[in-house]
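Chemist: pasting the sequence and the predicted model now:
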Amino acid sequence: MKAKFNLFVLSLIFTALACGTGTATPVPPAAPTEIVVVTSTIQASSEPTKIAHAMIPGEFPSEPGGIVGDQDSSITAEEKRAPSGDRFTFSRFERPFNAETMDVYYPSIDIQGATFYQDDLWLYVEIVLKDTGDEAFSLDGKYGFEIDLDTAGGGDLLVLASQPASTEWSTSGVEVWEDTNDDVGGVTPTITDKTPPACDGFETLLFGGNTLDDPDLAWARVSPTDPHAAQIAVKRDLLNGDSTFLVGMWAGNGDLSHELFDINDLFTHEQAGTSLAELPIFYPIKEVSELDNTCRMAIGFQPRGNEPGLCPLPIKPGQEPDEPGGCPPEFIVCFNFGNQTVCVCAQP
Ligand SMILES: [Ca+2]
Ligand SMILES: [Ca+2]
Ligand SMILES: [Ca+2]
Ligand SMILES: [Ca+2]
């Protein structure tokens, strides 16, 4: 494992360049539809302000548009390590632990799997966290997803929901950020840049706090049927007409921040550490902790397979997991949807 990893490190010899610049993607205002159905209260300066909402999300569509699995760190938490899935130089994180000692495991930010849905008005995401049987469980972290519109690896939009507490849709604590100057990912998107780029991450707040040009843009709730699942919905107006993109899920605490993207460009591997005891040079996690993410799903197009951050292709029906092109058994993750079981390969 160590030798394999070192080969990856040696392959990361890239020319360092300054961050690129790009153009903003304007987000059109949503057309007013329907009647005012709900209000929410935000704290603007010292006076709470009632926000009128014209559109709220409903229930998820029945058919998912994408499913992704992720490693379950609870199985090795007592050993103060993750089982796999933590590949810092490739922007893959599996570290729902505290820094340095790794003696606190956070099931509420350990992604087990996630599902993407969409309809004519909304994009929906459900992120399932770890159920350890603890009745005191709450979604006390941050949950979100990153959208890469041009599928080149650099994230373009980031939706984050902090501590969803109600099974009713709410805009409270939900933010939408854009990388307007196109510097997320640096020179080598999803891969650690050789020289840390001077990037400002997702620097433009499109929604949240007092920025409410469209007060209905993004929502979150606790799943009405599973207290261990965070649900997020954003208007598809956010995509400005784009229908093909990559989407990856995130969960975390303080290190899941709009300004820390890509986090594997802003810290070195030595600073960030790793949750994998098999990599003693970098183990344990240090300055980058309490963080989990998934690989990226292709939405609206057939991926070539080499898109940065892309999930391995799912196992085909009847395909043996260990045949060439199959999935090692330890990476197979299965979900139950009604009476149907869907298995995906969560190999990083
Ligand atoms: Ca992960
Ligand atoms: Ca996980
Ligand atoms: Ca990079
Ligand atoms: Ca930026």
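Modeler: That came in fine, so what should we check first? Numbers count the residues shown, from 1 in each chain. Ligands and ions are numbered 1, 2, ... in the order given.

Chemist: spell out which residues of the chain are next to ligand 4.
Modeler: 179, 181, 183, 200, 203 (C-beta under 5 Å from the ion). Every residue, glycine included, has its C-beta placed from N, CA and C.

Chemist: in a markdown table: the residues you listed, plus secondary structure.
Modeler: Below are the residues of the chain next to ligand 4 laid out as a markdown table (DSSP: H, G, I helix; E, B strand; the rest coil):
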| residue | secondary structure |
| --- | --- |
| 179 | coil |
| 181 | coil |
| 183 | coil |
| 200 | coil |
| 203 | coil |
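
Chemist: out of these, who's nearest residue 220?
Modeler: Of all the residues of the chain next to ligand 4, residue 220 sits closest to residue 179, with 21.1 Å by C-beta to C-beta.

Chemist: just list the residues touching the closest residue to the closest one other than its chain neighbours, thanks.
Modeler: For residue 179, ignoring the flanking residues on the chain, the nearest one in space by C-beta to C-beta, 6 or more residues apart in numbering is residue 202 at 5.0 Å. Under the criterion of C-beta atoms under 8 Å, 6 or more residues apart in numbering, the neighbours of residue 202 are 155, 157-158, 177-179, 184, 258-259, 261.

Chemist: distance check, residue 202 against residue 302.
Modeler: 28 Å (C-beta to C-beta, to the nearest Å).

Chemist: with residue 225 instead?
Modeler: Taking C-beta to C-beta, one finds residue 225 at 32 Å from residue 302.

Chemist: sorry, back to before: roughly how far does the residue nearest to residue 179 sit from ligand 2?
Modeler: 22 Å (C-beta to the ion, to the nearest Å).

Chemist: show the pLDDT at that residue.
Modeler: Predicted confidence (pLDDT) for residue 202: 98.

Chemist: coming back round to it: of the residues of the chain next to ligand 4, which is the most crowded?
Modeler: residue 179 (26 neighbours; other C-beta atoms under 10 Å).

Chemist: count of neighbours near the closest residue to residue 252 other than its chain neighbours?
Modeler: The spatially closest residue to residue 252, leaving aside those adjacent along the chain, is residue 291, at 4.0 Å (C-beta to C-beta, 6+ apart). Applying other C-beta under 10 Å, we find 27 residues neighbouring residue 291.

Chemist: contact partners for residue 291?
Modeler: Per C-beta under 8 Å, 6+ apart, neighbours of residue 291: 93, 95-96, 109, 250-253, 255-256, 263.
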